[in-house]
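>>> the sequence and its predicted three-dimensional model are supplied below.
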Amino acid sequence: MKLFIKYMVSVRCKMMVKEQLKKLGLHFTKVELGEVEIMENITPEQREQLKVALNRSGLDLMDDKKAVLIEKIKNVIIEMIHYTDELPRTNFSDYLSEKLNYDYTYLSNLFSETEAITIEHFIIIHKIEKVKELIIYDELNLTEIAWKLHYSSVAHLSHQFKKVTGLTPSYFKSLKKKKRSPLDNL
């Protein structure tokens, strides 16, 4: 049986969900961002207990099919940008369509209507957050960061970075206290 969980965006969230499932005596075969597969059918009582436990941790058990799809879109983007070493070589619209087996126009319209932001803007926000992370780690220069995140140039990356943060990447790097946003707040 599949369960869908909203706001599940990190490894820590996955560990917390596993812990809650074990407490309820539920056996899972898969715990991914936003999605859990359990071996048994869940009783209404167990479902309510899980929902309450997840809510205490800032997560939410979802029932609505559209809400589930929105979370899948978010999780594919978060996984793609933050948890894989290499971004896909195809454009993001093709990648999302392939991954979720839906027409991109449908995904895009649903996402925009529900989230009041475009998928493209959501991707940009996450890419800039990844840029901040890479600047803070200080292992790559801006040219390498631009290449790694598929920017056409350092100028393009810098322009987008300034548009989103109000700062240039160089100025951000020089700050003593660099601010990053938690992924679930983006």
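That came in fine, so what should we check first? This structure is a prediction, so every number in the text was calculated from the model and none was measured.
>>> low-confidence ranges, the protein, go.
87, 176-186 (pLDDT under 70).
>>> and it, what are its domains?
Listed by automatic domain parsing, the domain ranges of the chain are 2-63, 66-119, 122-185.
>>> got JSON lines for those, with mean neighbour count too?
For glycine as for every other residue, the C-beta is placed from the backbone atoms N, C-alpha and C. As requested, those are arranged in JSON lines below (neighbours: other CB atoms under 10 Å):
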{"stretch": "domain 2-63", "mean neighbour count": "16"}
{"stretch": "domain 66-119", "mean neighbour count": "16"}
{"stretch": "domain 122-185", "mean neighbour count": "15"}
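>>> and the helices in the chain?
Remark: helices assigned in the chain by DSSP state H are 11-23, 44-56, 65-82, 92-100, 104-115, 119-137, 142-148, 154-165, 169-174.
>>> and those helices: which comes nearest residue 34?
helix 65-82 (4.1 Å; CB to CB).
>>> the closest one vs helix 92-100, what angle?
120 degrees (axes from the mean of the first three to the mean of the last three CA atoms, to 10 degrees).
>>> with respect to residue 36, which of the helices of the chain lies nearest?
helix 11-23 (6.2 Å).
>>> kindly export the closest one (C-alpha atoms) in PDB.
Provided in PDB are the C-alpha atoms of helix 11-23 (Å, rounded to 0.1, in the frame of the first residue of the first chain):
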ATOM      1  CA  VAL A  11      16.900  12.500   4.900                       C
ATOM      2  CA  ARG A  12      15.900  13.500   8.400                       C
ATOM      3  CA  CYS A  13      12.200  13.500   7.400                       C
ATOM      4  CA  LYS A  14      12.700  10.000   5.900                       C
ATOM      5  CA  MET A  15      14.300   8.800   9.200                       C
ATOM      6  CA  MET A  16      11.400  10.300  11.300                       C
ATOM      7  CA  VAL A  17       8.800   8.600   9.100                       C
ATOM      8  CA  LYS A  18      10.500   5.200   9.400                       C
ATOM      9  CA  GLU A  19      10.500   5.600  13.100                       C
ATOM     10  CA  GLN A  20       6.800   6.400  13.200                       C
ATOM     11  CA  LEU A  21       5.900   3.500  11.000                       C
ATOM     12  CA  LYS A  22       7.900   1.100  13.300                       C
ATOM     13  CA  LYS A  23       6.100   2.500  16.300                       C
END
